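J.: predicted coordinates and the sequence they were generated for:
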Amino acid sequence: MSAGFEELAVERGPRSGALMAVVVHSTRLGPALGGARIWHYPDNDATIADAMRLAESMTHKAAAAGLNLGGGKGVIATPQEARPEGEARRALLLDFGDLVDSLEGRYVTAEDVGSGAEDMEVIAERTAHVVGRSSVPGGSGDPSPVTALGVRAAMRACAAVRYGSTSLAGRRVVVIGLGHVGTALAALLRDDGAEVAVTDIDPGRRPDAEALGARWLEPVSALRAECEILAPCALGGLIDEFSVDDLRCHIVCGAANNVLADRHVAALLAERDVLYAPDFIANAGGLMSVYGELRGLGHEGMVRLAEGIEQTMYTILSRAGSAGVTPLEAALEHSRARLEREARISA
Ligand code: NAD
């Protein structure tokens, strides 16, 4: 096992024949919670590498959010790019449920890219260590509405730092990706009085924009649209060393994971005076939603945690400002400090 990781369980599912892995990066703060990604990978090494990278980032996300959770991740490699359906999907999920169960609660699974609440029900046939369910009392189901609440809370902190007021009324916000989170976020921002514009590579989403009362932008122009806040809610890697020059916004704050192509882009944003809300702080509402299910907090408890992202983000941005480091560095330092504190207490 690589240094810094606790456990790696890999197998070829006996029913499905598919490669699947669970990586436990850390259980220092609690059971390692991280979604099950169902994805097609070029080879076995790429599958394991993705699981390890994601597991480590879950440790930081949970620690920075103040949750008593460790970091882990599950991946299920599909034989082809097409989404497996029917019996083939069921076989994958039952195999994965057995693999999760073999870790005896050190890892708890949930939804991620390629998996949804209905898949968690199938996994639950083989293990109790699964959350993000919709059919059980206290089940959290789709985490996206809570994620959207958390992103809005993060935006309020950014507005406070940049403009001296948390109000989003009258702010021009561009939401890139009108999916589960983007749609919920756009509705919250509209209700806050923001001027919302949206885009999606799927033109079939255009009627959703109209229903929201949001202006539709073509995907090519959205990144360079003049606005106060750009909210990436699609896939990662949107902002790289080239696209950073296209930005005409003051703040980048959205739900997308790994929105920066790599960490050094955080410095390029700072040089251009763009305030960057670190993704793993802004989008922690999704993790809070499943944490709420695990701890029986109920919907109100999940919402309270997500609203708390405003204070966490404000603390991180203020530290970045006073220490002269990027918000990303300040956020990583924030999570490391908590992990070290807990290690000292338990030593
Ligand atoms: P989703 O699949 O429901 O929506 C993504 C949308 O983005 C889709 O409508 C897709 O067509 C669109 N899209 C893809 N590429 C695009 C592009 N280049 N330009 C414009 N639109 C594009 O996903 P989601 O659940 O809403 O999640 C959005 C992002 O937030 C992902 O990066 C996800 O990892 C992250 N995230 C989600 C949650 C959650 O609770 N769902 C929690 C934390 C982080």
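T.: Structure received. Residues are numbered from 1 along each chain as shown.
J.: same for the helix or strand hosting residue 154, what does it pack against?
T.: Residue 154 is part of helix 144-163 when elements are defined by DSSP states H and E. Of the remaining helices and strands, those touching helix 144-163 by 3 or more CB pairs under 8 Å, 6 or more residues apart in numbering; DSSP states H and E are helix 180-191, strand 229-232, strand 251-252, strand 275-276, helix 279-282, helix 285-295, helix 298-307, helix 309-323. The way it works is simple: take the backbone N, C-alpha and C, and place the C-beta from them, glycine included.
J.: pLDDT of that helix, averaged?
T.: Averaging pLDDT along helix 144-163 gives 97.
J.: quick one: that helix to helix 285-295, angle?
T.: Taking axes from the mean of the first three to the mean of the last three CA atoms, to 10 degrees, one finds helix 144-163 and helix 285-295 inclined to each other by 130 degrees.
J.: does helix 144-163 come close to the ligand?
T.: Yes. Helix 144-163 lies in contact with the ligand when judged by CB under 6 Å from any ligand atom; the contacting residues are 144, 147.
J.: how about stretch 60-76?
T.: No. For stretch 60-76, no contact with the ligand is found by CB under 6 Å from any ligand atom; the gap never falls below 8.8 Å.
J.: on that earlier part again, tell me the helix or strand right after the helix holding residue 154.
T.: Scanning forward in sequence from helix 144-163 by DSSP H and E, the next helix or strand is strand 172-176.
J.: could I have the CA atoms of that next one written out in PDB?
T.: Output in PDB follows, covering the C-alpha atoms of strand 172-176 (Å, rounded to 0.1, in the frame of the first residue of the first chain):
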ATOM      1  CA  ARG A 172     -24.400  38.600 -12.200                       C
ATOM      2  CA  VAL A 173     -23.800  34.800 -11.800                       C
ATOM      3  CA  VAL A 174     -23.000  32.400 -14.700                       C
ATOM      4  CA  VAL A 175     -23.800  28.800 -13.900                       C
ATOM      5  CA  ILE A 176     -21.900  26.400 -16.200                       C
END
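J.: other residues contacting that strand?
T.: Residues from elsewhere that reach strand 172-176 (CB atoms under 8 Å, 6 or more residues apart in numbering): 155, 182, 185-186, 189, 194-200, 214, 217, 219, 222-223, 225-234, 238, 249, 254, 256.
J.: do stretch 200-218 as well
T.: 174-179, 182-183, 186-187, 190, 195-199, 219, 225, 234.
J.: on that earlier part again, could you flag which of the contacts of strand 172-176 are buried?
T.: 155, 182, 185-186, 189, 194-200, 214, 217, 222-223, 225, 227-234, 238, 249, 254, 256 (16 or more other CB atoms under 10 Å).
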